[in-house]
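# Sequence first, predicted coordinates after that:
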Amino acid sequence: MKVARKLPIGLAFIFVLIACSENRKSDLKLENRVSKPNVIILLADDLGYGDLGCYGSQSIETPNIDELASQGVRFTRFYSASAVCSPSRASLLTGKYPLRFDIRRHFTDNQEHLPKSSTTIAEVLKGEGYETAHIGKWHLGGLRPMDYEARSEGKVANPGPLQHGFDYSLTSIEGAPVRPELISQRRLYREGGKYMVRNDKKAPESDKHWTELKVDEAITLLDGYAERKNPFFLNIWFDVPHTPYEPAPEPHLSKYKALGVTGDQLLFRSMVSHLDANIGRLIKHLKNKGLFENTIILFASDNGPAFQGNPGPFRGGKTDLHEGGVRVPFIAVWKDHFPENTHSFNTIHMADLFPTVLDAVGMNIDMPNLDGKNKLEQLKNNTYSERDAIFWQMDLYKGFQNQGPKPQPYATSTIVEGKWKLVIDSLGPAALYDLNADHRELYNVLENEPELVKNLSDKLNAFLEAERDTSGFVQLH
């Protein structure tokens, strides 16, 4: 018979402390999971204000996104940070205007990259115990083979998603000759699965559609998050409906072909419907895993529509700073926190998502250098609050990536404050619009408001003259 030996009182006390400490860690982990909401950002590429049913589309069926919108808040005055891709993405991640990094046009997949000095929302959430993942298009540098191969060997390279705070990433290879060839030969979506990078290594090839692969990857991650019970930040950036226009899998193509739609418009509509179906698949899985109720879901587009897309009631489109180029759909869903089936007329900028999300997850971090404003109160209560002035600067694009001639004046910088929008070209103030009375920007009232024009010009010029971090953007000549 074994006799139990008594521990010295001091040692027994230490063991009790250790046990209590471990129990407390377990309690904290559970408390963290229960109290902190998950965050999912869904970003479409070149999706116009008028391309969704819930925003008035009469040509494309988007039942899943429409249903998602019915469970939250739809915004009528949400602004992307630019009329082209890379600047908007930089702003979303950092909560700053892209001009702070001297990003004034889309990246060319050469040496440009989001500066290492930037602080992203992924980095901040990761510091709070969140698991962080980026899936899909990146277009912020660091994903050329020469970059991720160098990083795998411990060499210096331009940063990619993993170097900007994401624990996990699945993206396309971004750089020549891969992406240019896939786009020019219209194979980006149907063969994109053969050119993926997972966690800085070339991923096994897949014959599945690139849009479906993104959601497959997200679903796998959701299963792991549900099992580990850690809060997560899942950043899913779709390429759709950016060119190349390709036929989406059935039944999405035949549905519009039966209506007599042809050419690129047929392909475009099928791609948006396919995107909608996959977002529906993602949301369904989120609900099946019991994660929907405690997840903030934000859906937007990186800029206005290109070529076949619809800017809705607005003038302009991609590559243009009129409303059609920067006013995009935005849907915010958080069950029992954001009102359901609600419209908001608040003005919100893409940079506002950074501080708004931080407040929503209970983080009171003092980051005075952010351009974004905390809009959580307006989201929760649908109260109206005037937004401070919003600024844009973008290099002049000679070509117009939408239908018809490029709207004049050819703006290179813009300020919106309240109902007023001042457009400036290379020579100075060119147009002033009252957006409340003239959302189509048809009536230039510049000569009627000289004092207002001076006031807005002074604010915009001060913004343009501010110091910039140029370490990540190489201006090509």
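Good, I have the coordinates. Numbering: from 1, shown residues only.
# From here on, just use CA atoms for contacts and neighbour counts.
Fine.
# what's the distance between the nearest residue in space to residue 358 that is not next to it in sequence and residue 121?
Spatial nearest neighbour of residue 358, excluding adjacent residues (CA to CA, 6 or more residues apart in numbering): residue 364 at 7.2 Å. Using CA to CA, to the nearest Å, we find residue 364 at a distance of 14 Å from residue 121.
# of the two, who's got more company?
Neighbours per residue, other CA atoms under 10 Å: of residue 364 and residue 121, the larger number sits with residue 121, 23 against 10.
# Quick check, the more buried one in contact with residue 93.
Yes: applying CA atoms under 8 Å as the test, residue 121 and residue 93 come out as touching, 5.5 Å apart.
# what residues do the two have in common as contacts?
residue 354 (CA atoms under 8 Å, 6 or more residues apart in numbering).
# Tell me where the model's unsure across the stretch 1-150 of the chain.
1-34 (pLDDT under 70).
# ok now do residue 361, which residues does it touch?
36, 37.
# Mind jotting down where the strands sit in the chain?
Residue ranges of the strands in the chain, as given by DSSP state E, are 38-44, 73-79, 131-136, 168-172, 196-198, 201-202, 232-237, 295-301, 330-333, 342-349, 390-393, 413-417, 420-425, 428-434.
# Ramachandran angles for residue 372?
phi -70, psi 150 (degrees, to the nearest 10).
# Local confidence estimate at it?
The per-residue pLDDT reported for residue 372 equals 96.
# Kindly report the same for residue 401.
For residue 401, pLDDT reads 89.
# That one contacts residue 306, doesn't it?
Yes: using CA under 8 Å, residue 401 is in contact with residue 306, at 4.9 Å.
# Please enumerate the shared neighbours of those two.
317, 318.
# what about those two, which has more around it?
Counted by other CA under 10 Å, residue 401 and residue 306 do not tie: residue 306 has more neighbours, with 26 against 23.
# and the more buried one, how far is that from residue 316?
Taking CA to CA, one finds residue 306 at 10 Å from residue 316.
# can you check residue 213 too?
32 Å.
# about what we covered before: nearest to residue 265, of the strands of the chain?
Residue 265 lies closest, by CA to CA, to one member of the strands of the chain: strand 38-44, at 17.6 Å.
# Which elements pack onto that closest one?
strand 232-237, strand 295-301 (3 or more CA pairs under 8 Å, 6 or more residues apart in numbering; DSSP states H and E).
# so how far is the longest one from its chain's centroid?
On the basis of CA atoms, centre = their mean, to the nearest Å, strand 295-301 sits 8 Å off its chain's mean C-alpha point.
# for stretch 354-364, same thing?
On CA atoms, centre = their mean, the centre of stretch 354-364 falls 16 Å from that of its chain.
# List the buried residues of that stretch.
For stretch 354-364, the neighbour count (16 or more other CA atoms under 10 Å) marks 354, 355, 356, 357, 358, 359, 360, 361 as buried.
# ok, now stretch 131-150?
Quick answer for stretch 131-150 (16+ other CA under 10 Å): 131-145, 147-149.
# end-to-end on it?
OK, stretch 131-150 end separation, CA to CA: 25 Å.
# And for stretch 161-177?
End-to-end for stretch 161-177, by CA to CA: 21 Å.
# what's in contact with that stretch?
Taking CA under 8 Å, 6+ apart as the rule, stretch 161-177 contacts 108-110, 116, 119-124, 126, 131-139, 141, 143-145, 179, 192, 195-200, 214, 217.
# can you give me how far it is from the chain middle?
15 Å.
# tell me the mean pLDDT for it?
Mean predicted confidence for stretch 161-177 is 95.
# Same question for that stretch: list its buried residues.
161-162, 164-175.
# Show me how this protein divides into domains.
Residue ranges for the domains of the chain, per automatic domain parsing: 34-387, 391-464.
# any chance of these in TSV, plus distance to residue 471?
As requested, those are arranged in TSV below (distance: least, CA to CA, whole Å):
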stretch	distance to residue 471
domain 34-387	6
domain 391-464	18
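# Pick the most buried one from those domains.
Mean neighbour count (mean count of other CA atoms under 10 Å) peaks for domain 34-387 among those, with a mean of 20.
# contact partners of stretch 332-350?
68-81, 88, 91-92, 95, 292-299, 372, 375, 378-382, 384-387, 390.
# ok so, going back, got any residues that touch both of residue 306 and residue 316?
In contact with both residue 306 and residue 316: residue 402, using CA under 8 Å, 6+ apart.
# for the protein, what spans make up the helices?
9-35, 63-70, 85-94, 121-127, 145-152, 178-184, 210-228, 252-257, 263-288, 323-326, 353-360, 376-381, 450-464 (DSSP state H).
# Kindly reformat these as CSV containing distance to residue 204.
Below are the helices of the chain laid out as CSV (distance: least, CA to CA, whole Å):
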stretch, distance to residue 204
helix 9-35, 33
helix 63-70, 30
helix 85-94, 27
helix 121-127, 26
helix 145-152, 15
helix 178-184, 16
helix 210-228, 12
helix 252-257, 27
helix 263-288, 22
helix 323-326, 37
helix 353-360, 34
helix 376-381, 41
helix 450-464, 45
